[in-house]
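**Q** sequence-free structure coming up:
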């Protein structure tokens, strides 16, 4: 047991060192940079075939508000970071090794909290989310109608063809609504808008390295934060295959996070 504890401590410290080095590089690259009050964050792992297409579609402003585009490159051996840095105004945090999507999101949240950002929009790097929809995803936050806004493919249009994943979206939404008392139609999406004061309340409770969508949503709802949904169009990936693994394995791991988070927050 002592060996296991030491191994876990070593991993935690190594992860912290990697994140510290990545943020230090950001400061060297942009020494006087201050993010806007709105940050659009894209976490990417080996998405060199897709990240450019996503950045090409990012709006110049969000309903007249300037905003910061933040790409968190979660390790990998391709040119994702190089492509992201080639876009003027795009800020890149690059991990030298893969730490997991959940860790990349947590770094985004903490960075925004520490720099007094007001709102965060997160979207995928694979082209499944349309950046042109960012204003409508953010709108309920700007109108002070919600603290957590979900872009729902079930309220909108899902152009993908994976029936197993579509069934999973319905199943997990039903389960999570029963757990939290919410009435959301899509609880598995990473396309969302978040109030940073809400993130400051929950950030230290987040533990997942990969499947953080369920953990974040359940934690926020259980702590009384307001949720809302807007319809979205869900597109097939621009190229490549999902990093989430086989459907059955993803479903099993996601279910563990759902029930584990509910048990912790009940």
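**A** That came through fine. Every value quoted in this text rests on a predicted model; they were computed, and no experiment measured them.
**Q** Contacts made by the strand ranked longest in the chain with the rest, please.
**A** In the chain, ranked by residue count with DSSP state E as the criterion, the top strand is strand 148-158. Identification of contacts with strand 148-158 by Cβ atoms under 8 Å, 6 or more residues apart in numbering yields 129, 133, 137-141, 166, 169-170, 173, 184-187, 189, 191-195, 198, 217, 220-221, 225-234. To be clear about C-beta, it is placed using only N, CA and C from the backbone, and glycine gets the same treatment.
**Q** same thing but 7 Å
**A** By Cβ atoms under 7 Å, 6 or more residues apart in numbering, the surrounding residues in contact with strand 148-158 are 133, 137, 140-141, 166, 169, 184-186, 189, 191-194, 198, 217, 220, 225-234.
**Q** What of stretch 50-62?
**A** By Cβ under 7 Å, 6+ apart, stretch 50-62 touches 38, 40, 42, 44, 67, 69, 80, 83-84, 87, 90, 125-127, 130-132, 134-135, 138, 237-240.
**Q** Sort out for me which of the residues you listed are in strands.
**A** Per DSSP E, the subset of the contacts of stretch 50-62 in strands is 38, 40, 42, 44, 69, 90.
**Q** in terms of contact, does the fourth one touch residue 80 like I think?
**A** Yes. Using Cβ atoms under 7 Å, residue 44 makes contact with residue 80 at a distance of 5.1 Å.
**Q** Determine the residues that are contacts of both of the two.
**A** With Cβ under 7 Å, 6+ apart as the test, residue 44 and residue 80 both reach 51, 73.
**Q** quick revisit: which parts of the longest strand of the chain are buried?
**A** By neighbour count with 16 or more other Cβ atoms under 10 Å, strand 148-158 contains the buried residues 148, 149, 150, 151, 152, 153, 154, 156, 158.
**Q** hang on, residue 249 in a helix?
**A** Yes. Residue 249: assigned to a helix according to DSSP: H, G, I helix; E, B strand; the rest coil.
**Q** any idea how far residue 92 is from it?
**A** For residue 249, the distance to residue 92 (Cβ to Cβ, to the nearest Å) stands at 30 Å.
**Q** Those two: which has the busier surroundings?
**A** residue 92 (23 against 10; other Cβ atoms under 10 Å).
**Q** hang on, that one in a helix?
**A** No. Residue 92 is assigned strand when assessed by three-state DSSP, not a helix.
**Q** who's it bridged to?
**A** residue 71 (DSSP bridges).
**Q** That one reaches residue 69, doesn't it?
**A** No. The pair residue 92 / residue 69 is not scored as a contact, 9.5 Å apart, by Cβ under 7 Å.
**Q** Look up how far residue 62 lies from residue 136.
**A** Distance from residue 136 to residue 62, by Cβ to Cβ: 10 Å.
**Q** More neighbours: these two, which one.
**A** Legend: neighbour count by other Cβ under 10 Å for residue 136 and residue 62, higher for residue 62 (22 against 16).
**Q** Can you tell me the closest non-neighbouring residue to that one?
**A** residue 135 (5.1 Å; Cβ to Cβ, 6 or more residues apart in numbering).
**Q** okay, the one you found: pLDDT?
**A** If you check residue 135, the pLDDT there is 97.
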